[in-house]
Structure formats: structure tokens, C-alpha cells
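# Output the structure for:
(one chain, ligands or ions: 1)
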Amino acid sequence: MISISKITVNGYENSCFAEGRLQFGWQIAGDGRDIRQEAYQIQIGEVEDFSEIVWDTGRTESSASQFVEVTGFAPEHLKKYYVRVMVWDNRGQKSDWHSECSFFYICREQFSWKAWWTAPAAPLAQTQGGLYIRKRFTVKGKIQKAVLTSAAQGIYQPYLDGKRISDELFLPGWTAYENRIQYQIWDITEDLKQGQEHMMGCILAPGWYRGRLGETGRGMYGERIAWIAQIYLYYEDGQTEVILTDQQCRCHQAPLLLADLYDGEIYDARLEIPGWCTPQAKDTGWTSAETEAAEAEKLWPQKVQGVSQHECFEGKELYTPAGEHCIDFGQNMAGLVAFSVKGQPGDKVEFTCFEALDREGNVYTENLRSAGQKIVYYCKGEGEESYMPEFSYQGFRYIHINSWPGEVLADKIKANAVYSDIPFYGTFTSDHPLVNRLMENIKWSMKSNFVDVPTDCPQRDERLGWTGDAQIFSETAVYLANVYGFFEKWLYDVAGEQLEDGGVPHIVPDILRFEDQSGDWLLSQGTHSAAAWADCMVLIPWRLYQYYGNKKILEIFYDNMKRWIDFMWQHSKGYIWNYMLQFGDWLALDAAEGSYFGATPNDLTCTAYFAYSTGIFRKAAEALGKEEDSRIYGQLYQDICNAFCSHFLKLDGMLRINTQTALAMALHFGLLPKEHVQKNAEELRWRIRENGDHMTTGFMGTPCILAALSENGFTEDAYRLFLREEYPSWLYQVKKGATTVWEHLDGMKSDGTMWSSDMNSFNHYAYGAVAGWLFTQAAGIRSLEEAPGFKKFIMNPKLSWKLPQGECRTETPYGETAVSWKFDLPDGWIRFQVPPNAEAEILLGPEVHIKDTDGLQFCEKDGYLRATAGSGIHTITCEINKMQ
Ligand code: BGC
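So this is what the prediction gives:
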């Protein structure tokens, strides 16, 4: 039996909108081994039951099940299509139709924005709270189709005839608003009636557009918030009509008196206007709207899933020694607290969201810096009333209740995690409970910081798209969830905000350019182009290409990638690169007392990244068939590597700078001549041992250190470092009760005191990049560089008796992929799961002695046992040497 388990359009499952060239993909499920697709058939219909088929490929002989383009099919603008796929395999089996996929097609060129940005006159439009804006309209004839498109300068929730029409939060999402604002599209055909009056509207709040951002700023993008919307009415008689936001819109202050991403919300339920967005609503007390023309080229369709609510946590009541009344939700997160309460009109609910308790077990809010994270709600006094703030989000595990009418009922207070709607699939489980919890923590830090843009942290007055954090974590992110669209959206902004000379901002969307940084001790030194941060422009597209196999991502950003390499080239001297403000090995433990900057010199870290990114850029040029560039940048890569060696290697081939980070980067980035690799790897091992078996690395060295060891024969040392439980280590924080990854390895010291409150997030994914090592090295699941996308891939587990039982799962574009193992005496087993229509190259090191190959044909080559495995589950029985 074979079946299709998933269909994607342009990489998304049930993608709302598709534009441009359409690419279809699907996954095959089936029992048995070696399933290979021989042919496929795609049908595209306009109705869900496929009674009207607009395109049929017929049976097409091909093994391709990803990036399949349908030639000849010309989709129409603003039309919804349904897709179904059927396949035949090499064993003569045929699947049924799988049809759970639909998409809305948009042709950007055909989209004409005629609507106006609408807002009430100042000062109402400059509110720090929320507004109601609405527009009444009449549907004249019989509707064939109706589509609502809408966007905001601010964040908005769309309404039609009293009903909220989307569960997505924080629309239109955060982009580099000066360049582009996303608009959303909804099919509202079913909601409109011939001859009737309707009301469209929105609740609008400042959000990223006009709320606080960064340490001092408010209103970075504009002074007033505004809404724009357009309804296309396609009548059955062939006529069309467009309803626009314009001066006829009506505006009113909403009950939201404050809505700020950092500070939280103040909501006075007494000010609610029941039925404010229904056709029956009266206009008394509503003001007219002022309008401003929209620049149509700045409005882009939202293609990727936005933010929504996910897991819901119950809380437990807690009184701190200082007598503070708190609720503990047991999980740190980016989230929204929902509650129900009974009170008299004007009774006040007030609570503060926070992440951690201090040494004494009391409320600790200092690390939030200036972010208030406070929710205030005034009751309307009509029995039980429920509320959830939705125009801000908080980073928290606990709430501290400052005021509550009557008795606090913990079961009436819930925390809802919010994050971008990306499908999570990666897991790593083992017989080591601390490792399992660490993995959960990494996932939670990812969830908490994948809130429309990749952020550094979700709680303090930052929550910004720090490019370095995203770059460092991106290798791990692809194994944990389908982040293709999420990153693609953000990369459009990185590219859009790239400087003329190719420099790349530290933060994207780049809010630093709106503020005078001269008073900031750090950022006054430079607001763009730091190694490891700016390299996101090259490395993230490459990692997406490697994992998902889609060359389109390289085509889109190729010029931006090149401009970043050229920037480094231009600013280098003799191929040694360094430039203005560098964060270097940020937060490394070998930093001088009180400093954030690690001990590894910037010349080295910058040049190492210069070489690494250039090497990757050359490969991108090659992948796109750009021969001239491939030659030029291949030569540049050689020149940088040579300069790196002549500068940083001693005559005996040892690195002159022997910090753990210098060694780990040089080794993992492959910058050393072959003959010097082993001794430098030994030096790294020695440096760690000499340092009491712990790492001293920061943002740059930490993601490299374990791989630098295990790639060079020191797998046991990598495990020793990874499994260390005392400070400093990954597991120390787990033992300290962490439920997310900390910004500092010693965010909370062993005596319970805190690292400086300046920079002490308990929810930062950067060090979670260690999960990348679990997937790519411990379980050894890697794409083949020359054939990305996992049609053919590597399974090269580097296992250890230190972690004798485990299972690592991820989802490649072809389906679920896993390596699991159990060591026992005398024999153990290793199991490989390869998805249908894909093939794995299994590589096992000399420590594995195979007893039963489960039908796989192993041969020995270059010190490895190698076998090619088709789809299915393959379990080999083996004995594994115990190494020290
Ligand atoms: C952020 C980091 C970021 C760093 C750069 C911090 O404030 O939280 O994660 O990369 O600044 O200096």
C-alpha cells in the first residue's frame, strides 16, 4: 500500500496564497522497503470535490516529488484552487488521490490598490491604545465571489458584520515597514448577501509600527496608526465593484487604553461598544476618517503563516516568601494570559508577567529592564467576563497578581503560547532526562522567538530581529520545524534593508537607523556589518537550500549574498577583515570580568566568517551555474584561507590564538590545511580538558565546538562536554529548573544569584544551536551538499555509550527520517528510517562492529562502513566499542 501524506504548494501545506511560479511537492507513505516513485498525476480543480478540473497532467513518468512545476497551467488572479496528486511506484502500486491542499493564487501585478490609508484625526490617531475603524457598504447584486484584502500601519484584527474574520494575531505582521507592509486576503463570498448592508471594520493598535521599540523609541515608522482595506465584489452578471476604505470610514476610541508590545495593555471593558461593527450600529459619537494615499508597491501579499495561539497552560497558585501572589504556568514562553473574572463595574484586575523567581523565591522583574509587561483590566460588572490581551505579547512563566476582584480562581487563568504557525517536527529523546528536557527547552526558546520575525528574546525591551542570533540558530531550526517560509519572509527584509554598499544591519527590521545611537556605548560604534550577524545574508539562504532543496531561495537572494561578500572584501586588508563594531564571540566565558566580548580577537573571528561565507557563496554560484562568479569567489576563498593561515598559524601549523573559539571555528569552518587539522583538534581537546572539562565559548564558538571535536575523531570529548551538568554547561541550567534556553550559561548562578540584570534573558535560543549537533553529528542526519533537499542524504551517527539509548527524528521534504539506537551488552542495535522516494548513504565509524546488516550491503571505504539504504526501516545489530 502506498499513499500520499502531504501536498505542498511553493513549500507550504495548505498555503493561503501562492504567487509566481508554482511548485508542487508531496510526501509518499508506504510499508516495506525501497519505495520509489515512477510516475505522478496532478489535478487542479476549482471546487473542492474536483467536479471541475482545470488542469490535469495525466500520468507523467518521473521520480520527482518535490519542486514539480506544471507547465501550461495559467492560474487566475484571486482564485482559489484545489490540488490532488496520485503516484505510481516501482513495485507497480498506485496510491489513491490525496486532495488535502488548496491555495489562493495572487498575481501581484494585477492587484491594484485603490483604497486609502484611513485614520481618525490627531490626536486620536496617535493613541497608545486601540481604535475602532469601520466602513458600511451595500452589496447590490448576486455575488459570485467576494474577497477582502486588508493591511494596517499598526496591528489590527479584521471584522465583518460583528464577526472577527481571522484568528491570526498581530496582523499584518512585522516587516521593514518603510519598504513593505504585508496585506492579508480572505474569501468572504459566503458572508455577503445580495441587497443587504454590511459593515467591515477593524480594531487597530500601535504594535511595531508606532509602539515602543528598542530602548528609547516610540513611533519609529510613523506618528499615526492607520487601516487600509479593499473588498472586491464579483457579481454574477459579470460586473465588479470595489469597496474601499476612504473618508467615509468612521472611527472611535476602543476600550484599549494602552496596547504596547513591551508594556502590556490597559483595557476598560466599560468602554466596549457592543455591535460596533454591525450594519445596525449608529454613527453618533464616531468621527470621520482622514485619508492618505497608499503606495501600492509597498503592499505585499502575506504568503507565510502568521502568528497564532498554540499550547494552553493551566497555572498553579503560589505565594512567595515576600507574600507576593503569583501563578506559575510551569513553562516559560511568549504568550497571552486569558482569564475570567467576576467583579463590579470598574473593579480592577492587574498583573505583571515575568520569567523567574530570585534566590529567595520572590518575583524577579529586573531582567525585563524597561518592559512593563503589565495587564490591567477594568470590569464592566456583568457577571463572569473573559479577556485575553491580543495587541501585545509577554515573555513569562509566572504572573504576579497585583489586584483582583474577589477570590482568584487559578483555573480561570490560562497562559496561551503564541508563535508563528510553523509545523514543528524535530525531536531528540534519550534515556537521559536532562538531555530530553534541554531539547524541550530549545524548542520552547525557538517557539518563543519565532514570533513573525526571529527575535533574540521575548520578554525585555528588545524582542528584535538580531541577525546573529537567527544565523546561529538557523541550522538547528530547519531540523526542528518547517521554517522555509518564515525565514524567506524575513530574508526579504534583510535584503531590503541591506545598505547600498552591501553592509547588513545588526537588527532586521532595522530600527537602529531611526534613532541617534551616539549616546549608546555599544551601538554608537556601528549599526551594521558584524561578522556572524551580517553573515545571515549568505548562510541562511544556503541552509534553507541545503535542507529544503529549493534553488529558488538562492536565485532570489543571490545578488544580496554577493554584495555582502563584496562588502567584506572591500573592507579587508590583505584578506584580513574587521570593521567597526564587532560583537565577536559575544558573551563568551573567557571575556574579561564585566565584559560581553570574548577573548578571541575580532581579526580572527571576522576573517574566519569572511572565509566561511565566501566558500559558501562560491558553492551557491556553482549551484546556479554562474561559472564566472564561481571562479572569482573560489579564488577569493583560497586567498582568504591563505591569509588566515599566514596570519594566524605559527610555523608549526598551530593556531597562534588558542582560545577554544578560535580553534573550534578554524576547525569546523575547514580553514586549516589538512596536515594541521589533527594537531589543532588535539589542542582544542586539551584546552577544554585543561579548563576543567568545560567550554569558554560564546555566540561564535559555542555552535562550533562540539562539531569541531566530533568531526575530528573526538566524539567522546564532545559527549563529555555536552553532558556536563555542572556550571558552565547546557545541562546546568536544566538542573536549575530552566524550561527555555538562557542567554547566559550562568544567567542564574549556583548560589541562586543572577547575572547582571542588563542582559539576562531566560529565553534566548542562540545557545540552543547545540541541537544542531545532535541532529547532524550525534544522529548524523545531513543533506548532501552537492544534492541538497534530502532526495539522497547522509546518515552518519556518532554514538557513544555516554548516551546509550536515543531516537532522533526530523522531517525532510520526502518525509519522516529517523535514527534510533540502543546499546546493550553484548549487542545493541541502530535503526535507520528513510522516507519513500529517498535514499540514504549510511556511514558507520570503526567503533561499530556489525553482526546483522538487516539486508543492507556494507562495504568498507575510507575507514567507514558504508551502505546505501532505500526507503523503509533498517535495523542493524551491532557491538559498539566503549571509548574513553
Ligand atoms: C541581544 C543579543 C544580540 C546582541 C548583540 C543583545 O542585546 O539580546 O542576542 O545578538 O545584543 O550585541
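# what about the helices in the stretch 601-750 of the chain?
602-623, 627-648, 660-668, 674-690, 702-710, 715-723, 730-735 (DSSP state H, counting those that start in this stretch).
# in this protein, which helix or strand is least confident?
strand 17-19 (a mean of 78; mean pLDDT, DSSP states H and E).
# So what are the sheet partners of that strand and their directions?
strand 102-106 (parallel) (DSSP bridges).
# So what touches the strand it pairs with?
Residues outside strand 102-106 that contact it (Cβ atoms under 8 Å, 6 or more residues apart in numbering) are 9-10, 12, 14-19, 22, 48, 75-83, 185, 187, 301. Every C-beta, even on glycine, is put in place using the N, C-alpha and C of the backbone.
# and if you look at stretch 830-837?
With contacts defined as Cβ under 8 Å, 6+ apart, stretch 830-837 is touched by 2, 27-30, 35-37, 63, 65, 89, 791, 795, 797, 799, 809, 812, 814-821, 840, 842, 844, 848, 869-876, 878.
# Can you point out the buried residues in stretch 568-580?
Residues Met568, Trp569, His571, Ser572, Tyr575, Ile576, Trp577, Asn578, Tyr579 are the ones in stretch 568-580 that count as buried (16 or more other Cβ atoms under 10 Å).
# what's the spacing between that stretch and its chain's center?
Averaging C-alpha positions (Cα atoms, centre = their mean, to the nearest Å) puts stretch 568-580 31 Å from its chain's average.
# Between the two ends of that stretch, how far is it?
Its first and final residues considered, stretch 568-580 spans 12 Å by Cα to Cα, to the nearest Å.
# Rounded mean pLDDT for it, please.
Mean pLDDT, stretch 568-580: 96.
# How about it and the ligand, touching?
No. Stretch 568-580 lies apart from the ligand when judged by Cβ under 6 Å from any ligand atom; the minimum separation is 13.3 Å.
# quick one: Ile876 and Gly855 touch, right?
No. With contact defined as Cβ atoms under 8 Å, Ile876 does not reach Gly855; the gap is 9.6 Å.
# ok, those two, which is more surrounded?
Shown here are Ile876 and Gly855; by other Cβ atoms under 10 Å, Ile876 has more neighbours (24 against 11).
# Need the three-state assignment for that one.
Classification of Ile876 by DSSP: H, G, I helix; E, B strand; the rest coil places it in strand.
# What are the phi and psi values at the spatially closest residue to Leu244 that is not a sequence neighbour?
With Cβ to Cβ, 6 or more residues apart in numbering as the criterion, Leu244 has its nearest non-adjacent residue at 4.1 Å, and that residue is Ala115. Phi and psi for Ala115, reported as degrees, to the nearest 10, are phi -70, psi 170.
# and stretch 378-392, which residues are buried?
Burial within stretch 378-392, assessed by neighbour count using 16+ other Cβ under 10 Å, is assigned to Tyr378, Cys379, Lys380, Glu385, Tyr387, Met388, Pro389, Glu390, Phe391, Ser392.
# mind saving the C-alpha coords of that stretch as CSV?
Output in CSV follows, covering the C-alpha atoms of stretch 378-392 (Å, rounded to 0.1, in the frame of the first residue of the first chain):
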residue,chain,number,x,y,z
TYR,A,378,-11.4,47.1,34.4
CYS,A,379,-14.5,45.0,34.7
LYS,A,380,-17.8,46.0,33.2
GLY,A,381,-19.5,44.2,36.0
GLU,A,382,-21.9,42.0,34.1
GLY,A,383,-21.4,38.5,35.7
GLU,A,384,-18.4,36.4,34.5
GLU,A,385,-16.4,38.3,31.9
SER,A,386,-13.4,36.9,30.0
TYR,A,387,-10.5,38.7,28.5
MET,A,388,-7.2,38.0,26.7
PRO,A,389,-4.9,40.8,25.6
GLU,A,390,-4.1,40.4,21.9
PHE,A,391,-2.4,43.6,20.9
SER,A,392,0.8,42.8,22.7
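# pull the longest strand from this protein.
Longest among the strand segments of the chain by residue count, using DSSP state E, is strand 325-342.
# chain center to that strand: distance?
With Cα atoms, centre = their mean, you get 24 Å for strand 325-342.
# With stretch 727-741 instead?
With Cα atoms, centre = their mean, you get 22 Å for stretch 727-741.
# That stretch and the ligand, are they touching?
No. Judged by Cβ under 6 Å from any ligand atom, stretch 727-741 and the ligand are separated, with a smallest distance of 11.6 Å.
# Could you check that stretch and say which residues are buried?
Buried positions in stretch 727-741, judged by neighbour count with 16+ other Cβ under 10 Å: 727-734, 736, 738-741.
# do the same with stretch 366-375
Asn367, Leu368, Arg369, Ala371, Gly372, Gln373, Lys374, Ile375.
# Strands - which of those land there?
When DSSP E is applied, these are split such that Lys374, Ile375 fall in strands.
# which one of the buried residues of stretch 366-375 is nearest the ligand?
Arg369 (10.0 Å; Cβ to the nearest ligand atom).
# Distance check, the closest one against Lys552.
As defined by Cβ to Cβ, to the nearest Å, Arg369 lies at a distance of 40 Å from Lys552.
# again, but for Ser386
Counting by Cβ to Cβ, the gap from Ser386 to Lys552 is 44 Å.
# Which of the residues in the least confident helix or strand of the chain are classified as buried?
Neighbour-count burial for strand 17-19, counted by 16+ other Cβ under 10 Å, picks out Phe17, Ala18, Glu19.
# Cys312 versus the closest residue to the last one other than its chain neighbours, what's the distance?
With sequence-adjacent residues excluded and distances taken as Cβ to Cβ, 6+ apart, Glu19 is closest to Ile106, at 4.9 Å. Ile106 sits 33 Å away from Cys312, taking Cβ to Cβ as the criterion.
# out of the two, which sits in the busier spot?
The neighbour comparison of Ile106 against Cys312 (other Cβ under 10 Å) goes to Ile106, with 23 against 12.
# distance of the more buried one from the ligand?
Ile106 is 35 Å from the ligand, where distance means Cβ to the nearest ligand atom, to the nearest Å.
# closest point of the stretch 551-700 of the chain to the ligand, which residue?
Closest point on the stretch 551-700 of the chain to the ligand, by Cβ to the nearest ligand atom, is Phe583, at 4.5 Å.
# For that residue, the count of nearby residues, please.
Phe583: 22 surrounding residues under other Cβ under 10 Å.
# heads up, I number from 220, so please use that
Sounds good: first residue 220 from here, last item Phe802.
# which one is it nearest to, not counting chain neighbours?
Per Cβ to Cβ, 6+ apart, closest to Phe802 is Ala749, 5.2 Å.
# For that neighbour, grab phi and psi.
Main-chain torsions, Ala749, degrees, to the nearest 10: phi -110, psi 140.
# Now for it: which residues touch it?
Ala749 sits next to Gly687, His725, Tyr798, Leu800, Gln801, Phe802 when contact means Cβ under 8 Å, 6+ apart.
# tell me the secondary structure for the last one?
It refers to Phe802. Put simply, Phe802 is coil when judged by three-state DSSP.
# was I right about it contacting Gly687?
Yes. If you go by Cβ under 8 Å, Phe802 and Gly687 touch, sitting 6.5 Å apart.
# shared neighbours of the two, which are they?
His725, Ala749, Ala751, Trp752, Phe918.
# I'd assumed the third one was in a helix, is it?
Looking back up the chat, that one is Ala751. No. Judged by three-state DSSP, Ala751 forms no part of a helix; its state is coil.
# Look at it and say how many residues are nearby.
Per other Cβ under 10 Å, the neighbour tally for Ala751 reads 27.
# any idea how far Arg252 is from Gly1089?
Per Cβ to Cβ, Gly1089 is found 6 Å from Arg252.
# need the residues of this protein near the ligand, please.
So the chain meets the ligand at Asp675, Cys676, Glu681, Trp685, Gly687, Asp688, Phe802, Trp805, Met978, His983, Ala985 (Cβ under 6 Å from any ligand atom).
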